[in-house]
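*Asks:* return a 3D structure for these sequence lines:
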Amino acid sequence: MLINFNDRHAITVSGINNCPGKAICDGDLVLFTMKKTIYLLVLVLSMGIYTGCGKENTEIQNSRMEEQTTPENSENDEIHLEDGLKIDFTRDYSEDIKEDVDDVVADSTSLQEELTNMEKVTQKYTPLAEAAQTQGEMNVAAQWLYTIWDTELNNLWGRLSSSADRQTKEKLLAEQRNWIDLKEEVTLLNIGSREESGSMYPLLQDSYLEEITKNRAYVLARELAKIKGEDFAMPEVSAKYGTFVDDQGTGDIYSSLLTRQNWEGKDEAVISIYRQGEMEGSFVDNGNGELNFTSEDGSVKGMIKIDGWNGASFKVTEIYGESPFSAGEEFEFPFVL
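*Replies:* Numbers count the residues shown, from 1 in each chain. The predicted model follows:
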């Protein structure tokens, strides 16, 4: 049974046709925190808009439809994608991306190699982001980069579905459905509402979705590797930034922990505990995934511990004044986005 997990909660980005399989409930699993690269992408591309304002740039206009080629990757010469990419922000690249993902799957000798080679597909479509000159074009480019990992995720599930025994399949199906249901809440938690971000929202949204969908693809690839008897190493995750939740085995967020770098470059954390409350604050990195947390009002101090793909925890160490929390309380966030 092949299940397209993204048929639920489909989203539409203004100006282009929504790709089949695009889902949001969500936004390298981001790993919700929002990865630093999302901020950098937004800042760099935005600078491109500002520096270009008021200039006549006929070269850029004339190059929109020119053919651009992606750099060769000597390490993966055996993977042959369609050469070149026509930069066209009105084009539907869905079938092109599907063909490229299928080629990578067919030409890779292991799941580890497949996930590594997927980066070559991303490299092929990155010129879209590099050529984008308007916010609308940036939004379109971000959607197609997300589509790459969305397509790979569904491809992996198709193979898992046909290979896993009934018990394993039911377990993975429940986990996948929970992940889908969590996406929308986690995306909102990380990037805020559409009203807050304005025209930049699709860029932020799809960049985040790309990150967590890539993470989820690695999780499914690991499970498929177990079934096939292959060795598979998960990529390292940040010991400082991430989105971690306690969903209590459901598709709803009961408690959450978000550690990130804000727009000003400062480290901050948002901790929400079921039936107790939410607090924001800053943290100091002690190394090895240990972060000293202090709430904004200074009333709560504690230790955040990030344990890679195993999730994170928060232990309250000090309380000053009235607080819904007590010293010594510890909370677990086992689900990594």
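
*Asks:* work out for me the element residue 263 sits within.
*Replies:* Assigned by DSSP states H and E, residue 263 belongs to neither a helix nor a strand.

*Asks:* what pLDDT is listed against it?
*Replies:* Per-residue pLDDT puts residue 263 at 86.

*Asks:* give me the neighbour count for it.
*Replies:* Neighbour count for residue 263, taken as other C-beta atoms under 10 Å: 8. C-betas here are computed from N, CA, C, even on glycine.

*Asks:* ok, it to residue 204 distance?
*Replies:* 12 Å (C-beta to C-beta, to the nearest Å).

*Asks:* now swap in residue 219 and tell me
*Replies:* Residue 219 is 23 Å from residue 204, by C-beta to C-beta.

*Asks:* who's more crowded, those two?
*Replies:* residue 204 (24 against 19).

*Asks:* just to be sure, the more buried one is in a helix?
*Replies:* Yes. Membership of residue 204 in a helix is supported by DSSP: H, G, I helix; E, B strand; the rest coil.

*Asks:* in terms of contact, does it touch residue 196 like I think?
*Replies:* No. With contacts counted by C-beta atoms under 8 Å, residue 204 stays clear of residue 196, the gap being 9.7 Å.

*Asks:* list the contacts of residue 230.
*Replies:* 110-112 (C-beta atoms under 8 Å, 6 or more residues apart in numbering).

*Asks:* any chance of a markdown table for those residues, columns neighbour count, pLDDT and distance to residue 306?
*Replies:* Shown next, in a markdown table, are the contacts of residue 230 (neighbours: other C-beta atoms under 10 Å; pLDDT from 0 to 100; distance: C-beta to C-beta, whole Å):
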| residue | neighbour count | pLDDT | distance to residue 306 |
| --- | --- | --- | --- |
| 110 | 14 | 98 | 29 |
| 111 | 23 | 98 | 26 |
| 112 | 16 | 98 | 24 |
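
*Asks:* in helices, which of these appear?
*Replies:* By the criterion of DSSP state H, membership of the contacts of residue 230 in helices covers 111-112.

*Asks:* which stretches in the stretch 51-200 of the chain count as helices?
*Replies:* 58-63, 94-107, 111-131, 135-163, 166-191, 194-197 (DSSP state H, counting those that start in this stretch).

*Asks:* same list, those, but as CSV with distance to residue 211 please.
*Replies:* Converted to CSV, the helices of the stretch 51-200 of the chain look like this (distance: least, C-beta to C-beta, whole Å):
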stretch, distance to residue 211
helix 58-63, 28
helix 94-107, 17
helix 111-131, 12
helix 135-163, 9
helix 166-191, 9
helix 194-197, 16
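
*Asks:* most tightly surrounded among these?
*Replies:* Stretch with highest mean neighbour count among the helices of the stretch 51-200 of the chain: helix 135-163 (a mean of 22; mean count of other C-beta atoms under 10 Å).

*Asks:* check the offset of that helix from the chain's centre.
*Replies:* Mean-position distance between helix 135-163 and its chain equals 11 Å (C-alpha atoms, centre = their mean, to the nearest Å).

*Asks:* now swap in stretch 99-109 and tell me
*Replies:* Stretch 99-109 has its C-alpha centroid displaced from the chain centroid by 22 Å (C-alpha atoms, centre = their mean).

*Asks:* model confidence over it, on average?
*Replies:* Mean predicted lDDT for stretch 99-109 stands at 97.

*Asks:* good, wrapping up.
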